[in-house]
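*Asks:* whatever this is, show me its structure:
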Amino acid sequence: MAARRDGSRGAVVAARLIAAVAVSLAALAVALPLVSGLGYLEQLLGTPEVVVATSFSITGALLVAHPPARRMGWLLLGVGLASAVYTSALSGTAYALGGDDSAALPPGADLAVGTAWVASWAWLPSWLVVSTVLPQVVPHGRPLPGRGWRWSLMGAAVLGLVGVAAIALTPGPLAFFPGVDNPLGAQRAEPVVEVLQPAVQLGMAALTVVALASVVVRVRRADGVERRQVGWVGYALAVTVLVIVVAPSVWANLVVLLVPAGIAVAALRYRLYDLDLLVNRTIVAALLVAGAAVLYVAVVGWVGALVGTSEGAVPFVAAFAIATAFHPARVRLQRLVDRLFHGLRGDPYALLQEVDRALREAAAPREALAAGVEAVRAGLRLRGVSVVVRMPDGTEVEERAGHVATTFAAVPLELHGRQVGELRVTRATAPTGADARALQAVAGPLASAAYAVRLSGALEESRTQLVQAREDERRRLRRDLHDGLGPLLAGVVMALDVVRSALARGDAARAAELSGAAAEQARSAVTDVRRLVADLRPPALDDLGLVGALQALVSTLTAGGPEVDVRATGRVDALPAAVEVAAYRIAAEAATNAVRHAGARRVELGIAALDAGLEVHVRDDGAGLPDDLTPGVGLASMRERAAELGGWCGVETTADGTAVRAWLPYDVLQEVGQR
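*Replies:* Next up is the predicted model:
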């Protein structure tokens, strides 16, 4: 492990030294025409090698410091160094020639001859790597699987060696400097060179097409995050190569910057090489250095103008101003860069404020949830966010923002110890620790919003059920009145009409007979009315209360039978009407089953009024439930009555017999929302 760490450290140091050499050579190449006043700077900048030397070298040195990017970093470093050697040799030779490319060198200018010879072929390796190698190995420095792709890389290496040798040994004037002859030119090699040079050009063109095609193939084979990583770097290289081939000009200096820019975007947005933190800190440091320089110049100029001199203590004043402003500036710049690249991921408090504002400004629960989801997506710069709410009836309600994919990271939304929904996040890369902390921070407000949606849905469902129940009850009453009580009353009326006719005729016997029949029909009508009233609400509840009604009920069951004990705790005399009726019906059904079907000798019936609802239990010492029991109308009726109030009812066999337990909440919506 130590040896590996030392090797990595040595690689990083070597990469930085190579980058420093490359940047220094490029700076020297630009400085020579500026200092000398010779007018070949525009010609020097007509090709992109100066920009390639600096940007590729710096980018390569940064990548070498990270093992996943090390191969790509060395390739970029090689391109940058080769470009720096070429541009410095070109500039040095032009300087020796006085800015005239066609001039001849004076005798003894061996160094200038050597730089001219190097400049004639040093451009080829960097261009060969950029056009035929880098597109095939992005973004991790490895070719596509397959023998054909490896052969193309080997062909590029062979072409590079052959091409450099052909140029280096070509007799006669050197490329770019017609007044200087090739010091290593061999007349015997000229026939071979004349054949090799067009072959190398055709081979490079073919390999360039293959390399660009490999970018397309790699993008098509990749998926998800890898496709975007390859796309940004690969297409940046492809555009760079095409622009340099089709329209070489000073604009190529800008185009070559697409490669480090593509790497930066892939690193920051899609975490290529895990460089996002490094790039983030580098940008902050660069802004701090630039700001310090501007502040120093401004303070020195302003104070110098006030005191009439920029010497003495003025530089110390500027240094003090920079030291005073450094920490606040660093904190604010870091926050600004973090928000620019990552949104509010690094500031959960600010993210919470945005989500809270979105929730408060909404007019309805669904609108609030949608606004909160959008606030999370915008604040964390995510591709897509959705919240799935599990409604009490088992269905799901989903609010989306952005593009939500089928693969996502999920965060449960919990409130009062129960899961009310799920936060689903779609992003280009795997969630980081900062992502997890930010999502956990917003899970609370979103859980409250999801809970409100559940309550709203429960309210709508309860309203629908209430309307439906009312209509069903009206239909039942209409049927009972029309089919039962109506004909009875009509029969009474008809009998009384006949009685009146009989009395008018003086037939007292017939009138007495018919009046008895009418009285019997009237008594049947009264019985039907009482039955209808009892179906709506047992009269014993109004006359005796819940406990008294239950005691009256069990008194009819215990005549010559088992012992039934009724116990009540809490304020059972102040229950909601619906709870009272449901408790009576469930207890009556359970007690009747225990006496008539279980053969119980003792039944215990208890009701307990608690803070949130009423608990009902009926226990007996009977035979218990058979293993092959098929639930009948009675058991189903008990469960339905409890469920109508948002509660539950269960039946189980115990060691002593059977136990029925029911829970009837006072606040139906509260219980429905928590289920």
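
*Asks:* spatially central residue in the chain, please.
*Replies:* Nearest to the mean C-alpha position of the chain, counting by Cα atoms, centre = their mean, stands residue 425 at 2.0 Å.

*Asks:* nearest residue to it other than its sequence neighbours?
*Replies:* Take residue 425 and drop its neighbours on the chain: the residue closest to it by Cβ to Cβ, 6 or more residues apart in numbering is residue 409, 4.8 Å away. For every residue, glycine as well, the C-beta is placed using N, CA and C.

*Asks:* check that neighbour and give its pLDDT.
*Replies:* Looking at residue 409, its pLDDT reads 72.

*Asks:* neighbours of it, how many?
*Replies:* For residue 409, the count of nearby residues is 15 (other Cβ atoms under 10 Å).

*Asks:* try residue 530
*Replies:* 11.

*Asks:* helix/strand/coil for the residue nearest to the centre of the chain?
*Replies:* Following DSSP: H, G, I helix; E, B strand; the rest coil, we place residue 425 in the strand state.

*Asks:* that older thread, distance of the residue nearest to residue 425 from residue 88?
*Replies:* Residue 409 sits 51 Å away from residue 88, taking Cβ to Cβ, to the nearest Å as the criterion.

*Asks:* swap in residue 532?
*Replies:* Distance from residue 532 to residue 88, counting by Cβ to Cβ: 108 Å.

*Asks:* quick check: mean pLDDT across the one helix or strand residue 60 maps to?
*Replies:* Counting by DSSP states H and E, the element that carries residue 60 is helix 49-64. Averaging pLDDT along helix 49-64 yields 83.

*Asks:* using PDB, list the CA coordinates for it.
*Replies:* Coordinates of each C-alpha in helix 49-64 appear next as PDB, following Å, rounded to 0.1, in the frame of the first residue of the first chain:
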ATOM      1  CA  GLU A  49      -0.600  24.300 -30.700                       C
ATOM      2  CA  VAL A  50       0.000  27.100 -28.200                       C
ATOM      3  CA  VAL A  51      -3.400  26.700 -26.700                       C
ATOM      4  CA  VAL A  52      -3.100  22.900 -26.900                       C
ATOM      5  CA  ALA A  53       0.200  23.000 -25.100                       C
ATOM      6  CA  THR A  54      -1.100  25.000 -22.100                       C
ATOM      7  CA  SER A  55      -4.700  23.700 -21.800                       C
ATOM      8  CA  PHE A  56      -4.000  20.000 -22.400                       C
ATOM      9  CA  SER A  57      -0.900  20.000 -20.100                       C
ATOM     10  CA  ILE A  58      -2.700  21.600 -17.200                       C
ATOM     11  CA  THR A  59      -5.800  19.300 -17.700                       C
ATOM     12  CA  GLY A  60      -3.500  16.300 -18.000                       C
ATOM     13  CA  ALA A  61      -1.600  17.100 -14.800                       C
ATOM     14  CA  LEU A  62      -4.900  17.400 -12.900                       C
ATOM     15  CA  LEU A  63      -6.200  14.100 -14.300                       C
ATOM     16  CA  VAL A  64      -3.000  12.200 -13.400                       C
END
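
*Asks:* I'd like to know which elements it is packed against.
*Replies:* Judged by 3 or more Cβ pairs under 8 Å, 6 or more residues apart in numbering; DSSP states H and E, the packing partners of helix 49-64 are helix 2-36, helix 70-96, helix 123-128, helix 252-255, helix 258-270.

*Asks:* gap between it and the chain center?
*Replies:* 34 Å (Cα atoms, centre = their mean, to the nearest Å).
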